[in-house]
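Participant: Predicted model follows, preceded by the sequence.
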Amino acid sequence: MNISAIIKLTVSMALFGSIGFFTVHTGVPAIELVFIRCICATLFLGGMWLITGGHKTEKWDKKEILRTLLCGVFIVLNWVFLFKAFEEMSISIAISIYNLAPIFVLIFGALFLKEKMTIQALLATLTCFIGSMFIIGLNNFISLSEFMKSGFIWALLSALFYAFTMLTSKTIIKLSSYALTYIQTAVGIIILLPFVNFSLFEGLTTTNWLYILGTGFIHTGFVYYLFFDSIRSLSTILVSVLVFVDPVVAILLDMLLLDFMPSFMQTAGIVLIFGGIFYTIYVPKKKRVPRSRSEASATEPPHL
């Protein structure tokens, strides 16, 4: 067992779990925050790519580059929707819904890749769906407009594009991790540039900028470095379990530092969602033979 790799992955997931706390203190909206995040990540990861000499040994493939560009679009939308969800709802609730992505991978695999969905996967999907309904509390909304303002749609869209990112990235096997993420974050800069309101950066405090740069260099650059440097040395099962450090840290910080206290129904919903995800990723593995491509994708570590 590679203890160093385990520590690196655990630290990366713990750091990423604090991104919601950083986000609410940046003082800028989702699009502007993701734009700065992409710039910081491109500089950091591009630098690491050059330092490690990876740029000299890259195997470029036109089809993979096109898929990487598409994956870049997906990951940028994933970030924008997640940060917009943070603006409208508690971090704990947004993260819980966001982590439904592995379940969506199973569903998309069954719908579009003609993969057979097992009874275990169906039960897990139903459990997660019920959990999401408990979390959002549909009975608390008396109109569609209130439901739309709840942030649920943004969180759900972030999970969907998270799933699209995982499915697309599974088809990219020749490019190195650094080249893959460097291209994706560079795509983010280009896509978001026309939509950024630069006047929103005026009047920001030093504290705001520290949180903004933290989401870029720490939560994207440094976390990516630790993440990709560790997963190559660990089994898929171990990686799948350790990624749960991310939502646990996010929920704990939300409760300890931002005074969020979930209701009984919300607590039950969080437990149902993560119970269903954990069951999908870990428990049934020993029983599934053969393992389908969609299920394999669902157990891959998240594309942060």
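Facilitator: Ah, there it is.
Participant: Show me the shaky parts of the stretch 101-250 of the chain.
Facilitator: 113-117, 121, 136-150, 232, 235-241 (pLDDT under 70).
Participant: And the helices in it, which stretches?
Facilitator: Ranges of helices in the stretch 101-250 of the chain, per DSSP state H, counting those that start in this stretch, are 101-112, 119-136, 144-149, 152-169, 177-192, 206-213, 223-231, 236-242, 245-257.
Participant: Report the separation between the closest residue to Ala186 other than its chain neighbours and Thr57.
Facilitator: Among residues not flanking Ala186 along the chain, Thr42 sits closest, at 5.2 Å (C-beta to C-beta, 6 or more residues apart in numbering). The C-beta positions use only the backbone N, C-alpha and C, and glycine is treated the same way. To Thr57, Thr42 is 20 Å away according to C-beta to C-beta, to the nearest Å.
Participant: Off-centre distance for stretch 254-274?
Facilitator: 19 Å (C-alpha atoms, centre = their mean, to the nearest Å).
Participant: Ala268: which of the helices of the stretch 101-250 of the chain is closest?
Facilitator: The closest approach between Ala268 and any of the helices of the stretch 101-250 of the chain, judged by C-beta to C-beta, belongs to helix 119-136 at 5.2 Å.
Participant: picking up where we left off before, closest to Ser4 out of the helices of the stretch 101-250 of the chain?
Facilitator: Proximity to Ser4 (C-beta to C-beta) singles out helix 223-231 among the helices of the stretch 101-250 of the chain, at 8.0 Å.
Participant: Any chance you could list what contacts the closest one?
Facilitator: Helix 223-231 is contacted by residues 4-6, 8-9, 11-12, 15-16, 41, 44-45, 48, 177-178, 181, 239, 301, 304 when judged by C-beta atoms under 8 Å, 6 or more residues apart in numbering.
Participant: Show me just the buried residues among these.
Facilitator: 5-6, 8-9, 11-12, 15-16, 41, 44-45, 48, 177-178, 181, 239, 301, 304 (16 or more other C-beta atoms under 10 Å).
Participant: Name the residues of the lengthiest helix in the chain that come out as buried.
Facilitator: Determined from DSSP state H, the single longest helix within the chain is helix 62-88. For helix 62-88, a neighbour-count test (16+ other C-beta under 10 Å) marks 64, 67-68, 70-86, 88 as buried.
Participant: Alpha carbons of stretch 199-215, as PDB, please.
Facilitator: Written as PDB, here are the backbone C-alpha positions of stretch 199-215 (Å, rounded to 0.1, in the frame of the first residue of the first chain):
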ATOM      1  CA  SER A 199     -16.000  46.000 -13.000                       C
ATOM      2  CA  LEU A 200     -16.900  43.400 -10.400                       C
ATOM      3  CA  PHE A 201     -13.300  43.100  -9.400                       C
ATOM      4  CA  GLU A 202     -13.100  46.700  -8.400                       C
ATOM      5  CA  GLY A 203     -13.300  47.500  -4.700                       C
ATOM      6  CA  LEU A 204     -12.500  43.900  -3.600                       C
ATOM      7  CA  THR A 205     -10.600  43.700  -0.400                       C
ATOM      8  CA  THR A 206      -7.300  41.900   0.200                       C
ATOM      9  CA  THR A 207      -9.200  39.200   1.900                       C
ATOM     10  CA  ASN A 208     -11.500  38.700  -1.100                       C
ATOM     11  CA  TRP A 209      -8.400  38.400  -3.400                       C
ATOM     12  CA  LEU A 210      -6.800  35.800  -1.100                       C
ATOM     13  CA  TYR A 211      -9.900  33.700  -1.300                       C
ATOM     14  CA  ILE A 212     -10.200  34.100  -5.100                       C
ATOM     15  CA  LEU A 213      -6.500  33.200  -5.600                       C
ATOM     16  CA  GLY A 214      -6.900  30.300  -3.200                       C
ATOM     17  CA  THR A 215      -9.700  28.800  -5.300                       C
END
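Participant: Fine by me, thanks again.
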